[in-house]
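Participant: My questions are about this predicted structure, shown below with the sequence.
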Amino acid sequence: MMHQWGYEDHNGPEVWHDLFPLANGDRQSPINIITRDAIYDPSLQPLQVNYDHDSAKVVINTGHTFTMEFDDGDDTSVLRGGPFIGSYRLRQFHFHWGSSDGHGSEHKVDGMDYAAELHIVHWNSEKFSSFVEAACAPDGLAVLGVFLKIGEPNRYIERITDTFGAIRSKGKQSPFTNFDPSCLLPASMDFWTYPGSLTVPPLLESVTWVVLKEPISISHEQLARFRSLLFTKDTAEIEACCMKSNHRPVQPLKNRKVRASFL
Ligand SMILES: NS(=O)(=O)/N=C1/NCCS1
Ligand SMILES: [Zn+2]
């Protein structure tokens, strides 16, 4: 039996169901988005992203990824529109990646992997009074997924990787202020949307996913720095505990439809 979930053989996605039975649930994420099966829905509104750079607070090495956390005490930074009724308050963003540039995203598009994937996490502040309460409700969370493709260095990701010296091992944190995550969004806001889950334990089925069609760029060198972070608290046996890969494989679509905001 695993002690602490992770991404290795003894505690990774293939055995998460031992401690987290939702792993075999009916609305698990990520999924492979089969574009020809996506249904264009003209009732989907344009996404409205309104973030305030002053909401940014801290960057944390969680031992599974690194997370940029925001002040979610009021509706200063919110996501609206798309498939959503009401506004969803910005909570945090984080990334998933693989052991090499050829894979690492969580969602796939027609079976294709991207090098990494950004998740911008929001909670339904009109219906619920906290993230924790919202995370237990089927319409509680909204996660904006953005694919990352190897290419030119991304000047905004550079601001993030510049913090890594201070957060190398699990539990370390460092101030991360004056950052508006809309700088990490592509030019096009065309998206796919479907009902899903957290892609990490406890795998709660409370996420409305909005996955953007257009990727943003990250350089090979920038992505290599992601892998230099550590899954563990100490720096002993560095090779053994580098954050090489932290993406969950795609899950069965089961009885779900994916909608597209574009033709
Ligand atoms: N990968 S993910 O976006 O499903 N993970 C999360 N952790 C806390 C809220 S969302
Ligand atoms: Zn994620």
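Facilitator: Perfect, I can see it now. Ligands and ions are numbered 1, 2, ... in the order given.
Participant: Cross-check the contact I'm expecting between Arg27 and Arg256.
Facilitator: Yes - at 6.4 Å, Arg27 counts as touching Arg256 under the criterion of Cβ atoms under 8 Å. Placement of C-beta: from N, CA and C, glycine included.
Participant: Where does the stretch 1-150 of the chain get nearest to ligand 1, which residue?
Facilitator: His119 (3.8 Å; Cβ to the nearest ligand atom).
Participant: And for that residue, nearest residue in space, chain neighbours not counted?
Facilitator: Nearest residue to His119 in three dimensions, chain neighbours excluded: Val143, at 5.2 Å (Cβ to Cβ, 6 or more residues apart in numbering).
Participant: same question, Ser169
Facilitator: Excluding its sequence neighbours, the residue lying closest to Ser169 (Cβ to Cβ, 6+ apart) is Leu230, at 4.6 Å.
Participant: and the gap between that neighbour and ligand 1?
Facilitator: As judged by Cβ to the nearest ligand atom, to the nearest Å, Leu230 and ligand 1 stand 19 Å apart.
Participant: Next one: Val211 relative to ligand 1, how far apart?
Facilitator: Using Cβ to the nearest ligand atom, one gets 11 Å for the distance from Val211 to ligand 1.
Participant: So in terms of bridging, what pairs with that residue?
Facilitator: Beta bridges link Val211 to Gly145, Trp192, judged by DSSP bridges.
Participant: That one contacts Thr193, correct?
Facilitator: Yes - at 7.4 Å, Val211 counts as touching Thr193 under the criterion of Cβ under 8 Å.
Participant: For the closest residue to Gly151 other than its chain neighbours, which three-state class applies?
Facilitator: Sequence neighbours aside, Ser217 is the residue nearest to Gly151 in space, at 3.8 Å (criterion: Cβ to Cβ, 6+ apart). State at Ser217, reduced to three classes by DSSP: H, G, I helix; E, B strand; the rest coil: strand.
Participant: low-confidence ranges in the stretch 151-263 of the chain?
Facilitator: 235-240 (pLDDT under 70).
Participant: got the residues of the chain near ligand 1?
Facilitator: Residues of the chain lying near ligand 1 by Cβ under 6 Å from any ligand atom: His119, Val121, Val143, Leu198, Thr199, Val200.
Participant: Okay, and the second one sits in which element?
Facilitator: This points to Val121. Using DSSP states H and E, the element containing Val121 is strand 116-124.
Participant: what's the next secondary structure element after that strand?
Facilitator: Per DSSP H and E, the helix or strand that comes after strand 116-124 is helix 131-134.
Participant: CA atoms of that next one as PDB?
Facilitator: Output of helix 131-134 as PDB, limited to C-alpha atoms (Å, rounded to 0.1, in the frame of the first residue of the first chain):
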ATOM      1  CA  PHE A 131     -12.200  26.700  -2.200                       C
ATOM      2  CA  VAL A 132     -12.400  23.700   0.100                       C
ATOM      3  CA  GLU A 133     -16.200  23.700   0.000                       C
ATOM      4  CA  ALA A 134     -16.300  24.300  -3.700                       C
END
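Participant: Report all helices and strands that that helix contacts.
Facilitator: Contacts defined by 3 or more Cβ pairs under 8 Å, 6 or more residues apart in numbering; DSSP states H and E place helix 131-134 against strand 116-124.
Participant: run the last query once more with 10 Å
Facilitator: Here helix 131-134 touches strand 88-97, strand 116-124, strand 141-150, going by 3 or more Cβ pairs under 10 Å, 6 or more residues apart in numbering; DSSP states H and E.
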